[in-house]
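J.: quick one: sequence and predicted model below, then my questions.
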Amino acid sequence: MRLPTTPSLSLEGRCALVTGASQGIGLAAACALAQAGAKVTLAARNAQRLDELVEALQAAGHQAEALALDVQDLVAVRQALQGRRFEILVNNAGTNRPKPLGQVSDEDYKAVMGLNVHAVYFLTQTVVGQMPEGSSIINVSSQMGHVGAANRSLYCASKSAVEGLTRAMAVELGPRGIRVNSICPTFIETPMTKPFFQEPGFLESVLAKIPLGRLGQLEDVMGPIVFLASPASALVTGSALMVDGGWTAH
Ligand SMILES: NC(=O)C1=CN([C@@H]2O[C@H](COP(=O)(O)OP(=O)(O)OC[C@H]3O[C@@H](n4cnc5c(N)ncnc54)[C@H](OP(=O)(O)O)[C@@H]3O)[C@@H](O)[C@H]2O)C=CC1
Ligand SMILES: C[C@H](O)[C@@H]1OC(=O)[C@H](O)[C@@H]1O
């Protein structure tokens, strides 16, 4: 009798590019992919930090390399990545400038939309041409791509745009066997969010909206990243994987 067999979560032999990998969720994603066997290119602007992280990954027996890169510098992106073959791309680098609607400046808009959308779009455009069948693109979106939040109109708009490009790219790239999904975490304490939690009452206000009753941890995104990168999600594309403790289940 032939019993069904679970597709592998191994990423042996695959090359992965993770943007914003010098800290936070990007670093967690890079570690997850490396621990699953991928050769991971960690991209960010802080070259020294990247070298330290790559050294640590290599010391742990994993394959990793550093790529000092400003993903908003499209000339540099194209010079560094044009023609390079990756089977996995994690568009993680992102930013936020929480402000009341009336205080958002043109510069704020360009900073948030520039990194969260423009850079994601054109780095993906640069890399996708060399991606073989079976490749996986993972866009790090947010629960905020699916709900509104006060003082986060710009951020919510940027992540909603990421959800739209995830779906459209999934439709366009499906015939090539390339999958495109988003991962949508809730609040995780990282250098980006640490300042938010200094505000009195902010943590309580966030926890009140999370049915599982806790903030996310970096480890909470690592399994979902490997799942979306691996053959275990071979029929999953155009999807938004909520990793939000139930925030958007309301
Ligand atoms: N933390 C959270 O609660 C959540 C975060 N997210 C999303 O996850 C992603 C990562 O968030 P988080 O880890 O908190 O962010 P952090 O601010 O902690 O880290 C951001 C990373 O992006 C890199 N980066 C920033 N600008 C650039 C650039 N121009 N070019 C290349 N790399 C850049 C930074 O490295 P360097 O300075 O060296 O370039 C850093 O490694 C973002 O897209 C965010 O929107 C989604 C849901 C929840
Ligand atoms: C869950 C979100 O992405 C979270 O919302 C914010 O305002 C922070 O910037 C985090 O990214």
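T.: Perfect, thanks for sending it. Ligands and ions are numbered 1, 2, ... in the order given.

J.: what residues sit buried inside whichever helix in the chain runs longest?
T.: Scanning the chain for the longest helix, with DSSP state H as the assignment, gives helix 153-173. Neighbour counts over helix 153-173 (16 or more other Cβ atoms under 10 Å) mark 153-163, 165-167, 169-170, 173 as buried. Where you see a C-beta, it was placed from the backbone N, CA and C, and this is true even at glycine.

J.: helices or strands up against it?
T.: Contacts defined by 3 or more Cβ pairs under 8 Å, 6 or more residues apart in numbering; DSSP states H and E place helix 153-173 against helix 106-113, helix 119-128, strand 136-140, strand 179-185.

J.: residues touching residue 70, list them.
T.: 45, 76 (Cβ atoms under 8 Å, 6 or more residues apart in numbering).

J.: read off the pLDDT value for it.
T.: Looking at residue 70, its pLDDT is 98.

J.: helix, strand or coil for it?
T.: coil (DSSP: H, G, I helix; E, B strand; the rest coil).

J.: 448 is where my numbering starts, stick with that
T.: Okay, residue one is now 448; in that scheme the one you just asked about reads as residue 517.

J.: against residue 580, how distant is it?
T.: Distance, residue 517 to residue 580, using Cβ to Cβ, to the nearest Å: 31 Å.

J.: just give me the neighbour total for the closest residue to residue 486 other than its chain neighbours.
T.: Closest residue in space to residue 486, ignoring its immediate chain neighbours: residue 510 at 3.9 Å, by Cβ to Cβ, 6 or more residues apart in numbering. Neighbours of residue 510 under the rule other Cβ atoms under 10 Å: 17.

J.: cool, the one 10 residues further on as well?
T.: When neighbours are counted by other Cβ under 10 Å, residue 520 registers 13.

J.: now the phi/psi pair for it, please.
T.: Torsion angles at residue 520 (phi, psi; degrees, to the nearest 10) stand at phi -90, psi 90.

J.: and the pLDDT for it?
T.: Residue 520 is assigned a predicted lDDT (pLDDT) of 98.

J.: same question for the one 4 residues further on.
T.: The model reports residue 524 with a pLDDT of 98.

J.: check the one 4 residues further on too.
T.: Per-residue confidence for residue 528 comes out at a pLDDT of 97.
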